[in-house]
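Student: need a structure here:
(2 chains)
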Amino acid sequence: MSMTIAEKILARKSGRDRVRPGDIVTVDVDTTILFDNNFIPTNWREILKVRDPDRIVVVLDHRVPAPNAMAAGAHVTARAFVQKFGIKRVHDVGYDQGISHQIVADLGYGIPGTVLICSDSHTCSAGVFNCLARGVGGPDVFYSAIKGETWFRCGETVRYELTGALPKAVTTKDAFLQIAGKYGAHPTLNVEYGGPGIANLSINARKTLTTMSAELSAEFATFEPDEVLVEWVRSRSTREFEPVYPDAEAQYLARREVDLATLEPLVAYPDTVVQNSKPVKEAAGVKIQQAYIGSCANGTLDDLELAAEVVSGRRVAPSVRFIVTPASQHVYRQALKSGAIERLADAGAMIAPPTCGACGGGHMGVIGRDEICITATTRNFKGRMGDPSSKVFMGSPATVAASALTGYITDPREFLH
Amino acid sequence: MPEKKEAHAVKLTGRIWKFGDNINTDLILPNVAFYLTPEEQLKYVFRANRPGWVDLVRPGDILIGGKNFGMGSSRPAARNLKNLGLACLVAESINGLFYRNCVNFAFPAMECAGIEGLLAEGETAEVDFESGIVGNLTTGEARTGKTIPPQLLKIVAAGGIFSLLEQEGAIAAKSA
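Tutor: Numbering: from 1, shown residues only, chains lettered A, B, ... in the order given. Okay, the predicted model is just below:
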């Protein structure tokens, strides 16, 4: 009866003894997150009843602060919804605002062993908390908010065994680019991260891996729990929980080792992050107009501090727009206190408010005709950040910051020794 | 609005269009079209990768995809394919999140290994959602794909999640 982490949580939440790849199960949903795109007129349908308002979270993140009257209108609809049902966990413009996946981390909404859904594809981010989390369709969150359940299809699982520790100037974004470059897409599959190397990674660093697993087209991404994870959740939530470990005899489609110590800075070339990674030194010299750090993948305090370390005491190239977007107001305040914001701004970075913003081509740094951006965000599809003719290279916050300084794609090891 | 086919019609026949591997949802519903009405969004479908195609597609046509069709964002891109009047999607493989939205919006979709080699652009396919058999009416060859699982067929048969919730009185009827 051996199971992977995802299979165990699927079994627990569907009331079964075991769940196998291929099974379709109905599960109890602990946390349903709605965000501003759900409230856009073409997506919104007025909800007349909800199962339990305390299981619902509402976050305004994709278009914040509202860039136009249409976005503002969606926010008005969202506020009426939370008022109507007395929803308490609401993250509107202000103290507790941020990108939903970062708020899940900041406030301990990702509870080990539970199910969390949202109709943003990067919801698998919360898998870092040993949580069964995934992006679903917009209508799925309506269904879940109303009925408290949803369906999942269980896929086979690929296990990534992390070993060693990352060298200076190399991050889990590079680890992701290594996996995406070498192994390609993982459609219909779950990914599970574990191994002795996770002890050398902060929660923020681990979260980049689970968030980016959406780009592998994985179904669920989960992290094996450890004391660091348990402590993170305990210090932010009063909820009781039971972490889920994989069984020793769990069946994996593949077990693959990633030795963090052997990695180097990588970039994904434009249009896809899958099977498109190369060492930064091969892309060195590509001229850029914009450098961007942010999103649910790379807007944490770790990311901002790393970028600040690269640019500290230096100036951004005059030809480059360097935009840094903390993933939440909480992260923003942390980075103010740590001095990271000051060092970034002194170097010439513009600090944008927490929002999904330009990562999805929304606002706050959209790029124009034929422009090239190097970004530490989630995705680099053709035209993703703006004009269809623009190009997006994907790298770590260190690589983006180093490139901002020179105006060309640059290996961060030139600045971090 | 194009005429809507019955969501769970069992056998569908139509002219096919091929789109290859890794078609993402940004291509079907780009960010610039988010605030437009569902009807207005249609002219942006595949604008970045196949400009002009929306003027050529006719109601009842069938979309043939390669691997991992619908990768990326969870945006309601399946709704646009349905509203274009496409009869269904058949692909080598369909992204898990996109498949959910096909179910959610009652747009019939089938995974069928070997589909790309079975059909050439412009040929006519017959797709049987009961048996899973996809036939090329020009060559007479066929492949067998995966039918919609019974648990999900209930949602598709109801016309999608919003229709289901509306029938149950859980969401308000759509205003005209």
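Student: Give the buried residues for the longest helix along chain A.
Tutor: Under DSSP state H, the helix in chain A containing the largest number of residues is helix A:69-85. Neighbour-count burial for helix A:69-85, counted by 16 or more other CB atoms under 10 Å in any protein chain shown, picks out A:71, A:73-75, A:78, A:81-82. C-betas here are computed from N, CA, C, even on glycine.
Student: Show me what that helix is in contact with.
Tutor: Applying CB atoms under 8 Å, 6 or more residues apart in numbering or on different chains, the contact partners of helix A:69-85 are A:34, A:36-41, A:44, A:47, A:50, A:53, A:56, A:58, A:60, A:63-64, A:66, A:87, A:90, A:92-93, B:35.
Student: what separates it from the chain centre, distance-wise?
Tutor: 25 Å (CA atoms, centre = their mean, to the nearest Å).
Student: repeat for stretch B:50-62
Tutor: 13 Å.
Student: Now do that stretch: distance from first to last residue.
Tutor: Terminal residues of stretch B:50-62 are spaced 16 Å apart (CA to CA, to the nearest Å).
Student: Okay, now the unreliable bits of the chain?
Tutor: With no chain named, the answer covers chain A. Judged against pLDDT under 70, chain A has no low-scoring part.
Student: wait, I meant chain B there
Tutor: B:1-9, B:175-176.
Student: And the strands in it?
Tutor: B:11-18, B:62-65, B:88-91, B:109-111, B:124-128, B:133-136, B:142-144 (DSSP state E).
Student: Does anything pack onto the fourth one? Which helices or strands?
Tutor: In terms of contacts (3 or more CB pairs under 8 Å, 6 or more residues apart in numbering or on different chains; DSSP states H and E), strand B:109-111 is packed against strand B:88-91, helix B:96-104.
Student: Any part of the last one near chain A?
Tutor: Just to be clear, that refers to helix B:96-104. Yes: in terms of CB under 8 Å from any CB of the partner chain, part of helix B:96-104 sits within range of chain A, namely B:96-97, B:100-101, B:104.
Student: chain center to stretch A:211-224, what's the gap?
Tutor: How far stretch A:211-224 lies from its chain's middle: 10 Å, per CA atoms, centre = their mean.
Student: send the alpha carbons of it over as CSV?
Tutor: Extracted C-alpha coordinates of stretch A:211-224, given in CSV (Å, rounded to 0.1, in the frame of the first residue of the first chain):
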residue,chain,number,x,y,z
THR,A,211,6.1,27.5,-8.3
MET,A,212,8.1,26.8,-11.4
SER,A,213,6.8,23.2,-11.6
ALA,A,214,3.8,24.8,-13.3
GLU,A,215,6.2,25.4,-16.2
LEU,A,216,6.9,21.7,-16.3
SER,A,217,3.2,21.2,-16.8
ALA,A,218,3.3,19.0,-13.7
GLU,A,219,0.0,18.2,-12.0
PHE,A,220,1.1,18.5,-8.3
ALA,A,221,4.5,19.5,-6.9
THR,A,222,5.2,18.5,-3.3
PHE,A,223,8.1,18.9,-0.9
GLU,A,224,9.0,16.3,1.6
